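*Asks:* Sequence below, structure please.
(one chain, ligands or ions: 1)
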Amino acid sequence: MENNNYEDITLTCKDCGAEFTFTAGEQEFYAEKGFTNQPVRCPACRRARKQQRNNNNY
Ligand SMILES: [Zn+2]
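*Replies:* Next comes the predicted model:
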């Protein structure tokens, strides 16, 4: 098998500075979606931003 081998990597959230794991599974998911960049925010901040955006729509 010549599949890409992803490894979990640790990233630092640009919003809160917390370290979070960009897992192999997530990297594969990103690659499938065609995303070439890595996430810059931890899951908590991403969720918070999403909620904020939703709230702003109302
Ligand atoms: Zn964060």
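*Asks:* Tell me how far Cys42 lies from Asn5.
*Replies:* Distance, Cys42 to Asn5, by Cβ to Cβ, to the nearest Å: 24 Å. C-beta here means a position set from N, CA and C on the backbone, and glycine is covered the same way.
*Asks:* show me where pLDDT drops low in the chain?
*Replies:* Scanning the chain for pLDDT under 70 picks out the ranges 1-4, 57-58.
*Asks:* sorry, back to before: neighbour count for Cys42 and Asn5, which is higher?
*Replies:* Taking other Cβ atoms under 10 Å, Cys42 and Asn5 do not tie; Cys42 has more neighbours (21 against 7).
*Asks:* ok, the more buried one touching Cys16?
*Replies:* Yes. Counting by Cβ atoms under 8 Å, Cys16 is a contact partner of Cys42 at 6.5 Å.
*Asks:* Quick check: Ala48 vs Asn54, distance?
*Replies:* 11 Å.
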